[in-house]
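1. this one's structure only:
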RNA sequence: GGUGGCAUAGCUCAGCUGGAUAGAGCACCUGCCUUCUAAGCAGGCGGUCCUAGGUUCGAAUCCUAGUGCCAUCACCA
């Protein structure tokens, strides 16, 4: 039972009894640390209904509550704030209700209410980089949070496995690859293919320079460079189903998929269903044809089909080329509809895509709404800011990227170096240590990225490594490990689980208050599609626990009942840390 | 130029539906390891909440205008 729900009716009752006025709502906030109390009622906001001096109003309501509500033990009024002290027994009772609830914080899944979360959606011509990491972590975490909030979730991606950029890698490999394979080079497949994407760009740039040298206009040179023309020819052949090109395409894509598989596994993300652009890029044309008949779209003189969104404050947008082929928008319309066909319980979708595509998704959602799909009201573009380097934007074709695999490996190495220095892992085998360094290094990386509001741009400086102290993943993992250490020791003590305490230490009370916020934090994070809220909540919980831990002895306490209670409290905090971190896709270690 | 996002301590970020003296971490300075793991705790230093107006008993938060950075406005994806 939430104390605020209880108090709300009582405060309204008080106002009705004492002032004969009825309040529409009551405004609560946690009492600030510097004042005495647990919950604060804001009196100012009542002044529209109740006339008078805020302090006097507060006094009267406070007196009424102390008199009428068992949970309120005392109060004080400062300016327009009524601070209420809530009884220890209230917190103890609510703790008893949650301490054995293994799914504390989560809501039971409502199978009727399914949502599809799309994330990752890479191109198959280059390895994943730091930008993808942010995308993957956000998408995965939001999917987990939605599940915890009671949604049924399908994780998916659309793999951009076709197009001119893919042909660039293919062509460069064909021309300069000398038959290299992942096996022959020992390279991960995605890395190998990515190298040829870079090769293509180098050759292309050289050809442009050569053309400009002999007096060609630069813009023209960019179009007429022979290798680009060749790539375009290759794309035409691919679309025509040319056997040789398709075989090469399949071979190289398989290399990439194998590479991605490794990266995803290391990153700890997964998918329930996959969509390939090569399957979906022709979808949507029928929908456009139907929409054309209904007058939602219109045809221009050259035969291209458009939608006019100027009444909605947007522009005209093309949905079909004059030659009748599909554009990106056509495909996305088709894919969305296809997904609902494949999974009829889907009532909404989340697209995890960078904020450079804000406009595209605004248009897409509007079109789907105009086409009359009921689920079009529940589409959300999980838009996130770019991850930039101090040197500027990451560009795969120029090789200025922070590679996902390298970064994860570096983080684990750093974690290992720190752990070696601290030297607390005696008894661990080399393998166990390695696994632990992975957990810590990844924890640092994931937390670092997820704690930031998705909308904000991240400036990532590879020179200054990600922190392991303060508001970081390892800090939280460390607290978890410490709790596990206590629990291991406590299990040898043979504690009586049924004794009870009646009074709380202030630190215990603070901790219980923070624990109770977990369920609403999950709901808030789900409503806002924001893992950052989970991260920040967990950080606050952990700080509260550490303060408790350093100021109050758990196992050194004399009173057996207190030991038992504190152990239970520590265990619950540990459970919530693990649960919250699971929502972020971060593992917690037993020791560190 | 139109549209969207962002702007808070030296740096990285919190700040929920407007509420008390704007909070953390890093960095810098003090203390605390023979007692449950010091990747920790306790404390100090540090602010024109981009600017100017407005609404309100009350504005970092809402509104208007402006400034700066980023993105976008393709028969590319």
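-> That came in fine, so what should we check first? Just so you know, these numbers come straight off a predicted model, no measurement behind them.

2. How about the stretch 351-500 of chain A: which residue is closest to RNA strand B?
-> Of all residues in the stretch 351-500 of chain A, residue A:470 sits closest to RNA strand B, with a separation of 2.0 Å (Cβ to the nearest atom of the strand). C-beta here means a position set from N, CA and C on the backbone, and glycine is covered the same way.

3. does that residue sit in a helix, a strand or a coil?
-> The three-state label for residue A:470, taken from DSSP: H, G, I helix; E, B strand; the rest coil, comes out as coil.

4. what about it, distance to residue A:33?
-> For residue A:470, the distance to residue A:33 (Cβ to Cβ, to the nearest Å) stands at 20 Å.

5. right, and residue A:298 touches residue A:306 too?
-> Yes. Using Cβ atoms under 8 Å, residue A:298 makes contact with residue A:306 at a distance of 6.0 Å.

6. Show me which residues of the stretch 51-200 of chain A are close to RNA strand B?
-> Within reach of RNA strand B by Cβ under 7 Å from any atom of the strand, the stretch 51-200 of chain A has these residues: A:78-81, A:83, A:123, A:160, A:163-164.

7. can you give me the helices in the stretch 351-500 of chain A?
-> Along the stretch 351-500 of chain A, the segments classed as helices by DSSP state H, counting those that start in this stretch run A:358-370, A:404-422, A:430-450, A:473-491.

8. Not counting its neighbours along the chain, what's nearest residue A:90?
-> Distances taken as Cβ to Cβ, 6 or more residues apart in numbering put residue A:71 closest to residue A:90, at 4.4 Å, once the chain neighbours are dropped.

9. Look at that neighbour and report its pLDDT.
-> As predicted, residue A:71 sits at a pLDDT of 93.

10. Could you give the number of residues near it?
-> Neighbour count for residue A:71, taken as other Cβ atoms under 10 Å: 20.

11. cool, the one 3 residues further on as well?
-> Taking other Cβ under 10 Å as the criterion, the count of residues near residue A:74 is 14.

12. cool, residue A:206 as well?
-> For residue A:206, the neighbour count with other Cβ under 10 Å is 12.

13. name the element it belongs to?
-> Per DSSP states H and E, residue A:206 falls inside helix A:189-213.

14. What's the first helix or strand after that helix?
-> Using DSSP H and E, the first helix or strand after helix A:189-213 is helix A:218-224.

15. Output the contacting helices and strands for that following helix.
-> Other helices and strands packing on helix A:218-224, by 3 or more Cβ pairs under 8 Å, 6 or more residues apart in numbering; DSSP states H and E, are helix A:189-213.

16. List the buried residues of the helix it packs on.
-> The neighbour-count check on helix A:189-213 (16 or more other Cβ atoms under 10 Å) flags A:189-201, A:203-204, A:207-208, A:211 as buried.

17. angle of it against helix A:404-422?
-> Helix A:189-213 and helix A:404-422 meet at an angle of 120 degrees, taking axes from the mean of the first three to the mean of the last three Cα atoms, to 10 degrees as the criterion.

18. Now helix A:189-213: average pLDDT?
-> 93.

19. For that helix, name the packing helices and strands.
-> Packing partners of helix A:189-213 (3+ Cβ pairs under 8 Å, 6+ apart): helix A:164-176, helix A:182-185, helix A:218-224, helix A:226-239, helix A:243-267.

20. And the contacts of the first one?
-> What that stands for is helix A:164-176. Residues from elsewhere that reach helix A:164-176 (Cβ atoms under 8 Å, 6 or more residues apart in numbering): A:123-126, A:160, A:180, A:193-194, A:196-197, A:199-201, A:203, A:227, A:230-232, A:234-235, A:238, A:245, A:248-249, A:252-253.

21. switch to 7 Å and redo it
-> A:123-125, A:193, A:196-197, A:199-200, A:227, A:230-232, A:234-235, A:238, A:248-249, A:252 (Cβ atoms under 7 Å, 6 or more residues apart in numbering).

22. Can you tell me the element residue A:319 falls in?
-> Using DSSP H and E, residue A:319 falls in strand A:316-320.

23. right, is that strand up against RNA strand B?
-> Yes. Interface with RNA strand B: strand A:316-320 contributes residue A:318 (Cβ under 7 Å from any atom of the strand).

24. Now do that strand: distance to the chain's middle.
-> Centroid separation for strand A:316-320 versus its chain: 32 Å, with Cα atoms, centre = their mean, to the nearest Å.

25. in it, what counts as buried?
-> Within strand A:316-320, the residues scored as buried using 16+ other Cβ under 10 Å are A:317-320.

26. how does chain A divide into domains?
-> Using automatic domain parsing, the domain parsing of chain A gives A:3-86, A:163-251, A:417-583.

27. What about the residue of the stretch 351-500 of chain A closest to RNA strand B, how many residues nearby?
-> 9.

28. And for residue A:374?
-> That count, for residue A:374 with other Cβ under 10 Å as the rule, works out to 9.

29. which residues does it contact?
-> No residues are in contact with residue A:374 under the rule Cβ under 7 Å, 6+ apart.

30. now with 10 Å?
-> Contacts for residue A:374 (Cβ atoms under 10 Å, 6 or more residues apart in numbering) come out as A:340, A:347.

31. What pLDDT is listed against it?
-> Listed pLDDT for residue A:374 reads 91.

32. Ok, residue A:426 next?
-> pLDDT recorded at residue A:426 is 88.

33. got it, and the one 10 residues further on?
-> Residue A:436 carries a pLDDT value of 96.

34. On the three-state scheme, the residue nearest the centre of chain A is what?
-> Note on chain A: the residue nearest the mean C-alpha position is residue A:138, at 2.7 Å, using Cα atoms, centre = their mean. Assigned by three-state DSSP, the conformation of residue A:138 is helix.

35. so it touches residue A:525, yeah?
-> No. Contact criterion Cβ atoms under 10 Å: residue A:138 and residue A:525 do not qualify, at 11.8 Å.

36. Now the common contact residues for these two.
-> Contacts common to residue A:138 and residue A:525, judged by Cβ under 10 Å, 6+ apart, are A:531-532.

37. how about chain A, which residue sits the furthest from its center?
-> Extreme point of chain A relative to centroid (Cα atoms, centre = their mean) is residue A:214; 51.4 Å.

38. tell me the contacts of it?
-> The contact partners of residue A:214, taken as Cβ under 10 Å, 6+ apart, are residue A:221.

39. now what about stretch A:548-564, what contacts it?
-> A:479, A:482-483, A:486, A:489-490, A:493, A:495-503, A:505-511, A:542, A:565-567, A:569-570, A:573.

40. Could you give me the ChimeraX syntax to select whichever of those residues are buried?
-> Here is the ChimeraX command that selects the buried residues among these (16+ other Cβ under 10 Å):
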select /A:479,482,483,486,490,495,501,505,507,508,509,510,511,542,565,566,567,569,570,573
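
41. Please list the members of the contacts of stretch A:548-564 that lie in strands.
-> Using DSSP state E, no member of these sits in strands.

42. ok, and which of the contacts of stretch A:548-564 reach RNA strand B?
-> Subset of the contacts of stretch A:548-564 in contact with RNA strand B: A:482, A:486, A:489, counting by Cβ under 7 Å from any atom of the strand.

43. in stretch A:218-227, what's buried?
-> Of all the residues in stretch A:218-227, those buried under the rule 16+ other Cβ under 10 Å are A:221-222, A:225, A:227.

44. same question, stretch A:373-384
-> Those would be A:373, A:375-376, A:379-384, for stretch A:373-384 by 16+ other Cβ under 10 Å.

45. Thanks again, I'm all set now.
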